[in-house]
Structures are given as structure tokens and as C-alpha cells.
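Visitor: heads up, no residue letters with this:
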């Protein structure tokens with residue numbers, strides 16, 4: 001007996017994120033052009049002279065990141081010992097392939113193919129921006145992509161938790177190494193370290209402590225169903241306000257360099273499809289089930305663009321080419337990741353399901369061993 005397959009969709013905000021980003025771009029450019037004095041005042045608000053950490057943007061990004069960190073449960077990491085292959089593949093691609101392949105792809109496109117259109121100075125800035133973007137694996141949106149591909153939510157949570165821990169150790173040195181090697185830009189490590197502390201360590205620690213205390217006090221059910229949902233609109237509004245400010249700070253650059261946005265998108269798109277295909281292929285090779293393979297491929301393809309934007313601003317300023325490059329990642333994120341989700345859903349039959357619960361519709365195209373579940377279901381019916 002076949003079960004109808006539930007159709008899963010994004011909510012309205014997530015489905016039209018690219019549209020909202022475009023509206024924020026127009027609003028930001030309008031703000032920068034019509035109110036230049038106000039924009040300049042906001043741009044000069046920093047945590048200390050020369051810190052490059054803009055106060056309004058820092059506060060808004062913190063409001064975005066903290067709700068994400070509330071979802072991270074590090075106690076779930078202990079259960080990964082039973083199924084380590086999916087996590088190992090994800091970590092291998094995220095930290096040993098993705099940043100380095102992006103550095104190479106960015107260098108080829110910006111320093112060789114596009115340099116005659118953008119100039120050597122902006123080429124360095126754009127290379128730095130895409131490297132920073134690739135060195136920050138996705139956190140929040142992975143849960144959305146996992147839902148759309150019927151991923152194992154517990155395993156997805158483990159993958160996100162481990163990546164967040166690794167970011168504490170690897171993000172700063174990888175960005176320092178690759179940006180210095182692929183461009184002529186200097187990377188002030190102290191500023192980079194401050195960005196990691198401010199945008200990862202503090203919200204991660206605050207989120208973990210809040211999660212631990214509230215679950216102990218009110219229980220996991222109340223925390224998941226009552227407390228967490230209250231932060232969703234806060235994170236959404238903070239994201240949109242951040243984008244408006246970033247585009248306001250870059251108004252002059254954007255009005256004269258819209259073609260650059262298109263050029264920046266090219267290596268980002270190439271990197272997304274390369275890394276998602278690599279993770280997906282390795283998952284298939286190592287016989288990882290689809291409900292782990294699909295979210296793993298999506299983690300390897302998407303980016304923690306909030307952290308990337310904050311870091312680019314901290315290193316090179318809100319009106320830099322590096323910041324613009326990270327923002328382009330937001331523009332292409334949703335439509336590109338939806339296309340990857342579609343491919344994963346249409347190729348579920350390449351993988352064997354671990355059990356009936358992982359084979360939502362025992363029929364051709366659902367999973368490689370779908371007949372086994374029809375047979376077991378028939379025997380269960382006969383026995384009853």
C-alpha cells in the first residue's frame with residue numbers, strides 16, 4: 001500500500017528571499033543616494049577607532065545569529081558514533097575542499113578572466129569576499145533545505161553543531177591563509193579574530209547557555225514550540241535591515257558596478273554546484289542513506305552568509321568589494337539551493353533507505369530498495 005508523499009514548501013519569506021533582498025538593495029541604494037549625511041554617520045559608528053566593526057550592522061547581525069545558535073544542541077554530537085560516514089564526508093568537503101576550491105575558482109575568474117572589466121584592485125577584493133563566503137558553512141538555512149529533502153533532522157542538527165565547533169578553530173586561519181595567498185590584500189589577524197569572537201563565540205555561547213538553562217527550567221517541548229518561534233521575526237527583520245544598511249553603504253559602488261554583481265555570481269554558482277555534487281557523489285560512494293546525503297550536500301553548497309558579511313565588513317569596511325561579494329551570496333542563495341534540493345529529491349532512487357520511515361512513498365523513484373518495504377508491509381498486513 002503506497003502512502004501519499006507530502007508536498008513540502010518553504011514559507012512565504014523563505015520562498016521569496018531573493019525578492020526581499022532585491023527590495024532591500026533598492027531601499028539601501030535609495031537611502032545612500034537621498035540621505036548621504038545620515039548614511040555616512042551610520043558608517044562611521046565603530047567599536048573603537050580602526051576596528052572596522054560597524055556598530056549598527058554588528059548589533060543587527062548578532063540579532064540574526066543568536067536565534068540560530070539557540071537551535072544548536074551539542075549533546076546530540078555524541079550519538080554520531082553510530083553513523084560517522086555522513087559527517088566525515090561533510091566535514092572533509094566543507095573544510096578541506098570548499099574554501100580552497102573557491103580560492104582557486106575566484107582567482108581564475110577575477111584575476112584572469114574578469115580582470116579587464118573590474119580592474120586588479122577590485123579583483124583582489126572580490127577574491128577575498130568569495131573566500132570568506134566559502135569558509136563559512138551554512139547554519140540556519142540548512143534546516144530548511146533538510147526539511148525540503150526529507151533529511152534526518154537529528155543528523156542534520158549534528159552536522160550543523162560540528163560545523164559550528166569547527167568554525168571556532170578553522171575559520172580565521174583558513175581566511176587568513178587563502179586571502180593572503182590568492183590576493184595582494186593584507187588580512188589583519190587581530191581584526192579577524194575579533195570578528196570570530198564577536199560573531200561566533202559570543203552568540204554561540206549565549207545561545208548554548210540559554211538553551212541549557214531554559215530546557216532545564218521549562219522543558220524541551222516549551223523551548224522548541226514556544227520560545228524559539230518568538231525569535232524568527234526578529235531574525236528576519238534584522239537580516240533585512242542589515243542588507244538595507246550594507247547596500248546604503250555601497251550605494252555609490254552599486255550604481256556604477258551592477259555588472260560586477262553578475263560577474264561575482266558566476267564563480268559563486270560554479271562553487272555551489274561543484275561542492276554539492278562532490279558531497280552527494282561521495283555520499284553515494286560510501287553508501288550513506290539519502291536522508292543524510294541530501295542535507296550533507298546542501299551544507300556543502302550553501303554558506304553562513306551572515307557571518308561572511310560581518311567578517312568582510314570588519315576586515316575591509318562596509319563599502320568594500322569584499323562585502324559586496326559576500327552580499328551577492330545572499331542574492332543567489334535561495335534559487336540556487338532550491339535547484340539543488342530539486343535534484344536531490346529527484347535522485348532519491350539512487351540511494352537505499354535504512355528503513356520504512358526513510359522511504360516516504362514505497363514506489364519507483366522513492367528509494368533504491370522501495371520493494372523491500374512494500375513486501376514487509378504486505379507481510380505485516382497478512383499477519384494482522
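Guide: That came through fine. All of these numbers come straight from a predicted model, not from anything done at the bench.

Visitor: List the contacts of whichever helix or strand residue 209 is part of.
Guide: Using DSSP states H and E, residue 209 sits within helix 202-218. Residues outside helix 202-218 that contact it (CB atoms under 8 Å, 6 or more residues apart in numbering) are 62, 65-74, 164, 168, 222-223, 227. Glycine gets a C-beta too; all of them are placed from N, C-alpha and C.

Visitor: May I ask which two of these are separated the most?
Guide: Largest separation among the contacts of helix 202-218 by CB to CB: 168 and 222, giving 29.0 Å.

Visitor: Tell me which stretches of the stretch 251-384 of the chain form helices.
Guide: 251-256, 258-285, 290-301, 305-316, 321-346, 370-383 (DSSP state H, counting those that start in this stretch).

Visitor: hang on, the earlier thing: now, which of the contacts of helix 202-218 sits nearest residue 236?
Guide: Closest to residue 236 out of the contacts of helix 202-218 is residue 67 (9.5 Å), distances taken as CB to CB.

Visitor: surely that closest one meets residue 236?
Guide: No. Taking contacts as CB atoms under 8 Å, residue 67 lies outside contact range of residue 236: 9.5 Å.

Visitor: tilt between the helix holding residue 209 and helix 305-316?
Guide: Inter-element angle recorded for helix 202-218 and helix 305-316: 140 degrees (by axes from the mean of the first three to the mean of the last three CA atoms, to 10 degrees).

Visitor: buried stuff in whatever helix or strand comes next after helix 202-218?
Guide: Counting by DSSP H and E, the next helix or strand C-terminal to helix 202-218 is helix 220-222. Of the residues in helix 220-222, none has enough neighbours to count as buried (16 or more other CB atoms under 10 Å).

Visitor: Please work out the average pLDDT along helix 220-222.
Guide: Averaging pLDDT along helix 220-222 yields 84.

Visitor: So what touches that helix?
Guide: Under CB under 8 Å, 6+ apart, the answer for helix 220-222 is residue 214.

Visitor: List of residues touching stretch 179-192?
Guide: Here stretch 179-192 has contacts from 51-53, 103-104, 106-107, 111, 123-125, 127-128, 131-132, 172, 175-176, 311, 314-316, using CB under 8 Å, 6+ apart.

Visitor: buried ones in the helix or strand hosting residue 30?
Guide: Using DSSP H and E, residue 30 sits in helix 17-34. Neighbour-count burial for helix 17-34, with 16+ other CB under 10 Å as criterion, is recorded at 17-18, 20-21, 24-25, 27-29, 31-32.

Visitor: Likewise for stretch 230-250?
Guide: In stretch 230-250, counting by 16+ other CB under 10 Å, buried: 231, 235-236, 238-250.

Visitor: Just the ones in helices from the residues you listed, please.
Guide: 235-236, 238-249 (DSSP state H).

Visitor: Save the residues you listed as TSV, and put in pLDDT and distance to residue 155 too.
Guide: Formatted as TSV, those follow (pLDDT from 0 to 100; distance: CB to CB, whole Å):
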residue	pLDDT	distance to residue 155
235	75	24
236	75	26
238	82	29
239	77	26
240	82	31
241	86	33
242	81	30
243	79	31
244	87	36
245	85	36
246	79	34
247	81	37
248	86	40
249	81	39
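
Visitor: could the residues you listed be laid out in CSV, adding distance to residue 320?
Guide: Formatted as CSV, these follow (distance: CB to CB, whole Å):
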residue, distance to residue 320
235, 25
236, 26
238, 21
239, 20
240, 21
241, 20
242, 15
243, 16
244, 17
245, 14
246, 10
247, 13
248, 14
249, 9
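
Visitor: can you give me how far stretch 281-289 is from the chain middle?
Guide: 22 Å (CA atoms, centre = their mean, to the nearest Å).

Visitor: Do me a favour and get the end-to-end distance for it?
Guide: With CA to CA, to the nearest Å as the measure, the ends of stretch 281-289 fall 12 Å from one another.
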